[in-house]
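Chemist: Return a 3D structure for these sequence lines:
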Amino acid sequence: MSTTATAVEGEHHHHGPAKGIGRWLFATNHKDIGTMYLWTALAMFFLGGAFAMVIRMELFQPGLQLVNPDWFNRMFTMHGLVMVFGAIMPAWVGFANWQIPLMIGAPDMAMPRMNLLSYWLLPVALLVLVSTFFMEGNAPAFGWTFYAPLSTTFAPDTADFFIFGVHLLGISSIMGAINVIATIVNLRAPGMTLMKMPMFVWTWLITAFLLIAVMPVLAGVVTMMLTDRNFGTAFFDASGGGDPLMFQHIFWFFGHPEVYIMILPSFGVVSQILPTFARKPLFGYASMVYATGAIAFLSFIVWGHHMFATGLPLAGELYFMYATMLIAVPTGVKIFNWAATMWRGSMTFEAPMLFSIAFVFLFTIGGLTGLMMAMGPADMQYHSTYFIVAHFHYTLVPGAVFALMAGTYYWLPIWCGRMYDEKLAKIHFWLSAISVNVLFFPQHFVGLAGMPRRVPDYPLQFADFNMIISIGGFVYGLSQLMFVYIVVKAIRSGKPTPDQVWEGAKGLEWELPNPLPFHTHTTPPRVD
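Modeler: Residues are numbered from 1 along each chain as shown. As a prediction, this is how the structure comes out:
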């Protein structure tokens, strides 16, 4: 199927493809929709980053300087919500839209119009969320986890807009996931069995099932909030016979699989990139598929580890402790397989490879601190300190975000037909990789020393580390402007993509759309 045929597929057949802004408003082909998802995610990444910069400026030194505590609470609430629902998830859906049809040899996604609807719900939902800043009562300040009764009894009316926004985001996610599953199950090219699919397609298939399973749970908990707030129910109100702890159980039953929704596509991208630049096949393909499935399954039965400090019964605490430790097994399988893929390969270190290697190393650090927090008794010390912040940012920033960067550099030559500037991309990598560690590594130390998370001020003993953390944050944030420059420069004036994108790379057959001829035999693997 040629690219041109793909572009027209599902469009206004009578009038030819739409032009100008109509091309984007009414796009039904997977590439345009994928592109819109990616640009939206990038914009939200910078908005969420701006909120984080306010947090780090406030914490640059002790004392209250920039914002009052209420405003500080709004900052970390909106930072979390915008980054999770506005940046990382839509970015992965953009990747799915672009790559899944190309990788399985499909002409498009299975349901092009639903694809368009699921995209357009996203900017609307995000506007509903961010518009709360301009309302009486201001943006919600109850944290991205919006625990009851903070979000039910004590939150301003804007919390209802927040609930509406979350509903729209959930509908968008569910439709996107249905589309991914329908596409992968029904539109694979002849001969492509499930166990021949590229790893990125596998990780997204599993992610889509996670989305369909847990998004309705989120919808349920925000609907219970809505009725508690406006219709006199008492799901989470103890004075009416409800239970505020039930909120946490329902929320984390959604919330824990959610963190895997954000990271599984990363595993897929890295599993595509490492074999390319190591110039040998992925080590242990089948075990990677099964490990991904195991992680997805286990993610449903460990939610209680977020609640070790709530007074769970001992049996419950022990169960959640062991179940959580179990996730380390399939995750370890993946990490060892990635290491074995690189082992004795003819490696070259282009930007996608650098980001992928950094991903493997730094995500492993995040995993190891997660294992520490899985220990119930130890978690009583870590709980709600900066140690937690350090842990989940190691999984989500050098984890999800680095994989997104790696995937962008890897596939951009296919997406826009032009190459990016490799030298600038490497500078972007080193700035990001160094600053991200300056930003998040010291958070382990202040956390273990007892600094609570979500505080606008702190005792003098934490001052030096916080200054270092903030400087790391500013450098990391500014480095991402360079990423935008590199991408825009590639699109506008990059060299045309060569026939073979990555010199001497194996296994790209399924990833290149047909019009770019693929020569497996032209370039022998380089041994540098």
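Chemist: Can I take it that Leu264 is in a helix?
Modeler: Yes. Under DSSP: H, G, I helix; E, B strand; the rest coil, Leu264 sits within a helix.
Chemist: ok, which stretches of the stretch 351-500 of the chain are helices?
Modeler: Secondary structure of the stretch 351-500 of the chain (DSSP state H, counting those that start in this stretch): helices located at 351-374, 376-382, 386-395, 402-416, 422-448, 463-493.
Chemist: Tell me which of the ones you listed approaches Phe46 most closely.
Modeler: Smallest distance to Phe46 across the helices of the stretch 351-500 of the chain (C-beta to C-beta): 7.3 Å, for helix 463-493. Glycine gets a C-beta too; all of them are placed from N, C-alpha and C.
Chemist: helices and strands around that closest one, which ones?
Modeler: helix 30-58, helix 402-416, helix 422-448 (3 or more C-beta pairs under 8 Å, 6 or more residues apart in numbering; DSSP states H and E).
Chemist: that older thread, as JSON lines, the helices of the stretch 351-500 of the chain with mean pLDDT would be great.
Modeler: What follows is the helices of the stretch 351-500 of the chain, written out as JSON lines (pLDDT from 0 to 100):
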{"stretch": "helix 351-374", "mean pLDDT": "97"}
{"stretch": "helix 376-382", "mean pLDDT": "95"}
{"stretch": "helix 386-395", "mean pLDDT": "98"}
{"stretch": "helix 402-416", "mean pLDDT": "97"}
{"stretch": "helix 422-448", "mean pLDDT": "98"}
{"stretch": "helix 463-493", "mean pLDDT": "98"}
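Chemist: Give the residue spans of the protein that score low on pLDDT.
Modeler: Low-confidence segments of the chain, defined by pLDDT under 70: 1-17, 503-528.
Chemist: Could you give the number of residues near Val130?
Modeler: Per other C-beta atoms under 10 Å, the neighbour tally for Val130 reads 18.
Chemist: Now do the buried residues in whichever strand or helix holds it.
Modeler: With elements taken from DSSP states H and E, the one containing Val130 is helix 112-130. By 16 or more other C-beta atoms under 10 Å, the buried positions in helix 112-130 come out as 112, 114-116, 118-119, 121-123, 125-126, 128-130.
Chemist: now stretch 462-482
Modeler: For stretch 462-482, the buried set under the neighbour-count rule, 16+ other C-beta under 10 Å, comprises 462-463, 465-470, 472-473, 475-477, 479-480, 482.
Chemist: hang on, the earlier thing: so how far is the helix holding Val130 from its chain's centroid?
Modeler: Relative to its chain's centre, helix 112-130 lies at 17 Å (C-alpha atoms, centre = their mean, to the nearest Å).
Chemist: Can you show me the CA trace of it as PDB?
Modeler: Output of helix 112-130 as PDB, limited to C-alpha atoms (Å, rounded to 0.1, in the frame of the first residue of the first chain):
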ATOM      1  CA  PRO A 112     -10.500   6.100  11.100                       C
ATOM      2  CA  ARG A 113     -13.400   8.300  12.100                       C
ATOM      3  CA  MET A 114     -13.400   7.100  15.700                       C
ATOM      4  CA  ASN A 115      -9.700   7.800  15.600                       C
ATOM      5  CA  LEU A 116     -10.400  11.400  14.700                       C
ATOM      6  CA  LEU A 117     -13.100  11.700  17.500                       C
ATOM      7  CA  SER A 118     -10.700  10.200  20.100                       C
ATOM      8  CA  TYR A 119      -8.100  12.800  19.200                       C
ATOM      9  CA  TRP A 120     -10.400  15.800  19.200                       C
ATOM     10  CA  LEU A 121     -11.800  14.900  22.700                       C
ATOM     11  CA  LEU A 122      -8.200  15.400  24.000                       C
ATOM     12  CA  PRO A 123      -7.600  19.100  23.500                       C
ATOM     13  CA  VAL A 124     -11.200  19.800  24.600                       C
ATOM     14  CA  ALA A 125     -10.600  17.800  27.800                       C
ATOM     15  CA  LEU A 126      -7.200  19.500  28.500                       C
ATOM     16  CA  LEU A 127      -8.800  22.900  28.000                       C
ATOM     17  CA  VAL A 128     -11.600  22.000  30.400                       C
ATOM     18  CA  LEU A 129      -8.900  21.000  32.900                       C
ATOM     19  CA  VAL A 130      -6.600  24.100  32.500                       C
END
